[in-house]
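J.: starting from these lines, generate the structure:
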Amino acid sequence: MYHRISIGYRIRKQLAALSIQIPKSIHYWKRIKVDPNIKIEQNSAFIKGKVLHSMGAYSYSRSSLPQNTIVGRYCSIARNVTSLGFQHPLERFSTSSVTYSNDEFQLPSLPEGFLKTYGEPKSPAITIMNDVWIGNNAVLKPGIRIGNGAVIAANAVVTKDVPDYAIVGGIPAKVIRYRFTTEVIKALLALQWWDYDFLDFHDIPLDSDINSFIESLRHNIKHKNISKLSPNYFSLTGIKTSK
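T.: Numbering: from 1, shown residues only. The predicted structure is shown next:
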């Protein structure tokens, strides 16, 4: 079950302390539904929309995704990204809502128990891993996993899990190509660079060739003892630390 919270002074102060940006559409004292396990890491931004969900550091969203969405670190979510809505029953003689709801037509004198309810109280979560870029107007099916480093093209309809570092597009979305070779992808997944703060990559040019970046970060982790990112985060019980 979702929790309802009022976005008043106390919560706004907590979010501001963590440099978490929330959209202007969530006005003072507006009550919104949030997942009870919400975790929003510092230095993240909800630029547009009316929803807050779990999101990692250095990620931003210009869209309203469901409350139980989980977004990793270093993700970029463009405008008008949505999830597929309520699924009508395919196994019945009709997909019409008239078989399970009287809300639309308000039919009088229906026999008790005649309608057979249908539907899930809560859709499965969409899981967006780290370093994911989702283009404008993409549509995501509830329950899917979008892998690390993946790219979703604008206007794509994603109905299946997306592999790590895949670029997908189309209706339904299919793999167009991968960002890197298999060897590089394996190295990046082993390195898990998103577990570190890019502000610590002082001597690594941010536009490095990918192989040079991997070797440089490996060297820094081994010889310069750079620490993993342990950001503070917002939860329903207040500000917490990852340490």
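J.: sec struct for S216, please.
T.: helix (DSSP: H, G, I helix; E, B strand; the rest coil).
J.: who are the neighbours in contact with it?
T.: Counting by CB atoms under 8 Å, 6 or more residues apart in numbering, S216 touches F201, D203, I204, S208. Where C-beta positions appear, they are placed from N, C-alpha and C, glycine not excepted.
J.: centre of the chain to the strand or helix carrying A187, how far?
T.: Using DSSP states H and E, A187 maps to helix 182-191. Put simply, helix 182-191 sits 22 Å off its chain's centre (CA atoms, centre = their mean, to the nearest Å).
J.: if we go by neighbour counts, what in it is buried?
T.: Neighbour counts over helix 182-191 (16 or more other CB atoms under 10 Å) mark V184, I185, A187, L188 as buried.
J.: identify the farthest-apart pair in the residues you listed.
T.: Farthest pair in the buried residues of helix 182-191 (CB to CB) is I185 and A187. Separation: 7.3 Å.
J.: quick one on the thing from earlier: which of the contacts of S216 count as buried?
T.: For those, a burial check counting by 16+ other CB under 10 Å picks out F201, I204.
J.: for the contacts of S216, give me JSON lines that also has secondary structure and distance to T237.
T.: Listed next are the contacts of S216 as JSON lines, based on DSSP: H, G, I helix; E, B strand; the rest coil; distance: CB to CB, whole Å:
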{"residue": "F201", "secondary structure": "coil", "distance to T237": "33"}
{"residue": "D203", "secondary structure": "coil", "distance to T237": "39"}
{"residue": "I204", "secondary structure": "coil", "distance to T237": "37"}
{"residue": "S208", "secondary structure": "coil", "distance to T237": "40"}
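J.: so how many other residues sit close to I7?
T.: Applying other CB atoms under 10 Å, we find 18 residues neighbouring I7.
J.: touching, it and Y28? I think so.
T.: Yes. Applying CB atoms under 8 Å, one finds I7 in contact with Y28, separated by 7.0 Å.
J.: so what pLDDT did the closest residue in space to S59 that isn't next to it in sequence get?
T.: With CB to CB, 6 or more residues apart in numbering as the criterion, S59 has its nearest non-adjacent residue at 4.0 Å, and that residue is C75. What the model reports for C75 is a pLDDT of 98.
J.: tell me the centre residue of the chain?
T.: V71 (3.1 Å; CA atoms, centre = their mean).
J.: the residue most distant from the middle of the chain, which is it?
T.: Distance from the C-alpha centroid of the chain, by CA atoms, centre = their mean, peaks at S109 (44.3 Å).
J.: so that one, which of the three states?
T.: Here S109 is coil, with the state taken from three-state DSSP.
J.: and R10, by the same measure?
T.: Looking at R10 with three-state DSSP, the answer is helix.
J.: list the contacts of P172.
T.: If you count contacts by CB under 8 Å, 6+ apart, P172 has them with V157, V158, T159, K160.
J.: and which of these is nearest I11?
T.: Nearest member of the contacts of P172 to I11, counting by CB to CB, is V158, at 31.9 Å.
J.: state the pLDDT value of the closest one.
T.: 98.
J.: need the phi and psi values for it.
T.: Torsion angles at V158 (phi, psi; degrees, to the nearest 10) stand at phi -100, psi 110.
J.: likewise I146?
T.: Dihedral angles (degrees, to the nearest 10) for I146: phi -100, psi 120.
J.: for this protein, give me the ranges with low pLDDT.
T.: 86, 118-122, 243 (pLDDT under 70).
J.: helices of that one, start to end?
T.: 9-17, 182-191, 210-223 (DSSP state H).
J.: what angle sits between the longest one and helix 182-191?
T.: Counting by axes from the mean of the first three to the mean of the last three CA atoms, to 10 degrees, helix 210-223 points 30 degrees away from the direction of helix 182-191.
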